[in-house]
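Enquirer: predicted model follows, preceded by the sequence.
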Amino acid sequence: MGIEGIGARVARKEDKRFITGAGRYVDDMVVPGMKHAAFVRSPYAHAQIKKIDVKAAKAMPGVIGVLTGKELKADGIGNLICGWMIHSKDGTPMKMGAWSPLAVDKVRYVGDAVVIVVADTKGQARDAAEAVEISYKELKAVTEAVDALKPGAPQIHPEADGNLIFDWEIGDSAATDAAIKAAAHVTRIKIVNNRLVPNAMEPRAALGQYDKAEDHYTCWTTSQNPHVARLVMSAFYNVAPENKLRVIAPDVGGGFGSKIYIYPEEIVCLWASKKTGVPVKWVADRTESFLTDAHGRDHVSMVEMAFDKDNRVTGLKVDTIANLGAYMSLFSSCVPTYLYATLLSGQYNIPAIHANVRTVYTNTAPVDAYRGAGRPEATYLLERTMETAARELGVSPAELRRKNFITEFPHQTPVIMCYDAGDYGASMDAAMKAADYAGFAKRKAAAAKKGKLRGIGMSNYIEACGIAPSAAVGSLGAGVGLWESAEVRVNAVGTIEVLTGSHSHGQGHETTFAQLVNQRFGMPIDQVSIIHGDTDKVQMGMGTYGSRSGAVGMSAVAKALDKVEAKAKKIAAHMLEADESDIVIEDGTLKVAGTDKSVPWFQMALAAYTAHNLPSGMEPGLKETAFYDPSNFTFPAGCYICEVEIDPETGVTEIVQFVAADDFGNIINPMIVEGQVHGGIAQGVGQALLEGAYYDQTGQLLTASYMDYTMPRASDLPSFKVSTSNTPCPGNPLGIKGCGEAGAIGSPPAVMNAMTDALGTNELTMPASPSRVWAAIHSAKH
Amino acid sequence: MSDVSLTINGRKVSGSVEDRTLLVHFLREHEGLTGTHVGCDTSQCGACVVHVDGKAVKSCTMLAVQASGSTVLTIEGLAHGADLHPVQAAFKEHHGLQCGFCTPGMIMTATDMIARHPEGLDEATVRAELEGNICRCTGYHNIVKAILAASKTMAKAGKGKAKVAA
């Protein structure tokens, strides 16, 4: 490992602009003639639109245009779609209701966009939006998925009878029933995974610019995957053909999944730019973000886990109802199915698994992937159940898990996934040691003396990352392939540009991708630039989500580097009159092994571009492209241990210790990996103790600002003890598994297992707020 | 409309603004100082923190006209030329930022915090003092580490107080 190579703790190249205020986010963009948009949104969760009167709004100062869904439809702009087909167990396709970027006849959740107003200033656009008169006929609304399935519930889309989108299953129902019937013990538990709002700190924004002379559109947007945005806006929404649409995702202030999707606003801003003849910028305020960003989680599940007399798990049966909100967001269907139920085997040898999943429309914001996407739901369900089972069986939670660990690889689970490598015992040992698990009883006794309730909880997660092998996801219904692309350009003076389809919105790619180049060729990372986020610069790519940038994106870079290396060696061999198999590259120099003959990297690069003396038949230049399609998912796994102290007088919880021991495969930059884990844990702790999106019965979002939705703050969290014990991933050239989501996946059950341990109950739902904790203590006393 | 004139990052500026213009919008839209961010609209997240007359202020809670006559320091004015402020340097060294959106507000809060605690800082104090700043990426772990490190560096250099007052 060099000082900037693979495994080095290199400070980030991109930090300079962020710490000096020179970051460039969408809201920072100004283009000539730019005007500002405000959306008129539905104040009702469910209503018919009777009449829209824009006359008064159009007469307001500074107003340039007031546009409705009817005009949008007349121009042929298409409906938003869900890009992953799921079939119900009876073979029928999922029931996708129409989602117009601007509602035409009906609104289905509070925040549904109805009208766009474009004006000289943001303030004028908002003033005019207030003057748009819309008559609604309010309809009865339903917000909970369980209620939406009940007979007589309000019908939200004509396409989905009884609001059921699909009724899907996976696994062997008969074998699982038989295991439960023959079990020595069955643990039964209801698991609720609370609805969350991702809350990237940068609110969503879009700037659409139509160039009349070229009949060309440019869209600056807060996206994790600008190429997918362009593809979908071209192929499905009829905004413009791909060659007439450039999508730029500049600095993006966090995503966590919520910026994967193509939302109505960027489509409408592009269309409105053509209609009004001016560039149109829209920036969400925080309440708009709460109302309209895709939310996460929101599952209700019934679980049965069967054990034999030796406490080995023999079967797992799960029945889940998942709330998908008012419309099917872009990847909403795969989250509670293939990203969820395929991970229900966890780290355990479970011979029989069956899961049934019903997805449901409600009058709430669309629900899609949020950090972890399905895998946190699976992990929470499994790890709460495992902990509960240990308590019921009267055995150590750690030993019950250890007894059921998968120890031989590859391991085929009964739910599609084939785990390639791992050492679950190693992570558990590391976590238990770091947490001084053995010393807990003493600490609990000491806490009791102070009048505090102390609890310890464990969680052993596994996730499927590196999303994903294209053929595999295609066979499961995905509308896209999930490979990644890279282009490596060696300039004539030897500096290097790497163009990647991965998108960095906090992950530090400008540093880690450069480390990969340093490892290979030895030049300093400041001579390597990473270019991403612009469809005019970078060839087609699939973007960043599912912890895929390392395992898939960097593997594509590695493949392109292979090609560059091969050609560079050929050129150097020709220059040095040596055999190319004898050329080695060290510290920015191409050397003939075992001799003192060498040529500096920059001279070789220059030779490639002067092309005065290249090997016969070789094309000039040094630029290579690669597409990498993974052969399997990757399987990061680990063990998290949380220790809490609860004040029984107030119900206030303090996390006194949090330990994470992860297996991420090979690591490029430990500092960045640790940062990813810290952030993930904070979001997981937030889910467990603080965060929850609540609608009232009429469908008003009660938690629509930071004054109502509790974001984790510095004083809610401890410093974390994180470590890794890694088994390289055999599935990609770099041995990387991915680390972006682990913290958010592994932590909620660890926290809740600690909470329930402290409280002596198995019944506690997230978020375990002080009032819920106090109520649990109070009800246990009486 | 109202006239405002103030000193921003050592430069005198003036303009005519709508009465309802917030200081943050004046900085971003009139002065092009886009390092100061708007993250929440309810004065909860702290992405908009700047220094007004030497004190950390959420620039979304203050009207531009209220700041008239004041001296304002934004993230763009914190470094001395090519030399990063010790807090900026510590955020980079300790990986105290990921997406960078909350970072300017965090750094401006941190410099103010360090100046108000010449006796030095401990972890609990830093965490408590960060109450008004939300970060969604880092879990605060490395932000706390960076602030503690910068506090020590500045105490050694003896320039914590002077820097912020500048």
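Expert: That came in fine, so what should we check first? Just so we're clear, the structure is a prediction, and the values are computed from it rather than from any experiment. Numbering: from 1, shown residues only, chains lettered A, B, ... in the order given.
Enquirer: now chain B against chain A: closest residue?
Expert: residue B:35 (1.9 Å; Cβ to the nearest Cβ). Yep, even glycine has a C-beta here, placed from its N, CA and C like the rest.
Enquirer: now do the SS call for residue A:384.
Expert: helix (DSSP: H, G, I helix; E, B strand; the rest coil).
Enquirer: swap that for residue A:39, sorry
Expert: Three-state call for residue A:39 (three-state DSSP): strand.
Enquirer: please name the nearest non-neighbouring residue to the residue of chain B closest to chain A.
Expert: residue A:21 (1.9 Å; Cβ to Cβ, 6 or more residues apart in numbering or on different chains).
Enquirer: which residues touch the one you found?
Expert: Contacts here follow Cβ atoms under 8 Å, 6 or more residues apart in numbering or on different chains; on that basis residue A:21 touches B:33, B:34, B:35, B:36, B:74, B:75, B:76, B:78, B:104.
Enquirer: got a markdown table for these, with pLDDT too?
Expert: Below are those laid out as a markdown table (pLDDT from 0 to 100):
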| residue | pLDDT |
| --- | --- |
| B:33 | 98 |
| B:34 | 98 |
| B:35 | 98 |
| B:36 | 98 |
| B:74 | 98 |
| B:75 | 98 |
| B:76 | 98 |
| B:78 | 98 |
| B:104 | 98 |
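Enquirer: these in helices, which ones?
Expert: Counted as lying in helices by DSSP state H, out of the contacts of residue A:21, are residue B:104.
Enquirer: counting neighbours, what do you get for the one residue in the stretch 551-700 of chain A that gets nearest to chain B?
Expert: Closest residue of the stretch 551-700 of chain A to chain B, Cβ to the nearest Cβ: residue A:682 (3.2 Å). When neighbours are counted by other Cβ atoms under 10 Å in any protein chain shown, residue A:682 registers 28.
Enquirer: do residue A:12 as well
Expert: 25.
Enquirer: find the helix or strand that the residue of the stretch 551-700 of chain A closest to chain B is a member of.
Expert: Element membership of residue A:682, judged by DSSP states H and E, is helix A:670-685.
Enquirer: so how far is that helix off the chain centroid?
Expert: 14 Å (Cα atoms, centre = their mean, to the nearest Å).
Enquirer: and residue B:98, which of the three is it?
Expert: coil.
Enquirer: that one is in contact with residue A:675, isn't it?
Expert: Yes: look at residue B:98 against residue A:675 with Cβ atoms under 8 Å: they come within range, at 6.1 Å.
Enquirer: higher neighbour count, those two?
Expert: When residue B:98 and residue A:675 are compared for neighbours, residue B:98 comes out ahead with 31 against 28, by other Cβ under 10 Å.
Enquirer: the more buried one and residue B:136, how far apart?
Expert: 9 Å (Cβ to Cβ, to the nearest Å).
Enquirer: ok so, going back, how about the nearest residue to the residue of the stretch 551-700 of chain A closest to chain B, chain neighbours excluded?
Expert: That would be residue B:139: by Cβ to Cβ, 6+ apart, it lies 3.2 Å from residue A:682.
Enquirer: how many other residues sit next to the one you found?
Expert: Based on other Cβ under 10 Å, the number of other residues close to residue B:139 is 32.
Enquirer: likewise for residue A:121?
Expert: Considering only other Cβ under 10 Å, residue A:121 is surrounded by 16 other residues.
Enquirer: and residue A:193, by the same measure?
Expert: Using other Cβ under 10 Å: residue A:193 sits among 25 other residues.
Enquirer: tell me the bridge partners for it.
Expert: When bridges are called by DSSP bridges, residue A:193 pairs up with residue A:299.
Enquirer: ok, back up a step: mark which of the contacts of residue A:21 are buried, thanks.
Expert: Among these, those buried by neighbour count (16 or more other Cβ atoms under 10 Å in any protein chain shown) are B:33, B:34, B:35, B:36, B:74, B:75, B:76, B:78, B:104.
Enquirer: between all of those residues, which two are separated the most?
Expert: The distance between the two most remote of the buried ones among the contacts of residue A:21 (Cβ to Cβ) is 14.8 Å, for B:34 and B:78.
Enquirer: residue A:440: how many residues sit nearby?
Expert: By other Cβ under 10 Å, neighbour count at residue A:440 equals 18.
Enquirer: ok, now which ones touch it?
Expert: For residue A:440, the contact set (Cβ under 8 Å, 6+ apart) comprises A:454, A:456, A:643.
Enquirer: domain-wise, how is chain B divided?
Expert: Per the record, chain B has its domains at B:2-76, B:86-165, by automatic domain parsing.
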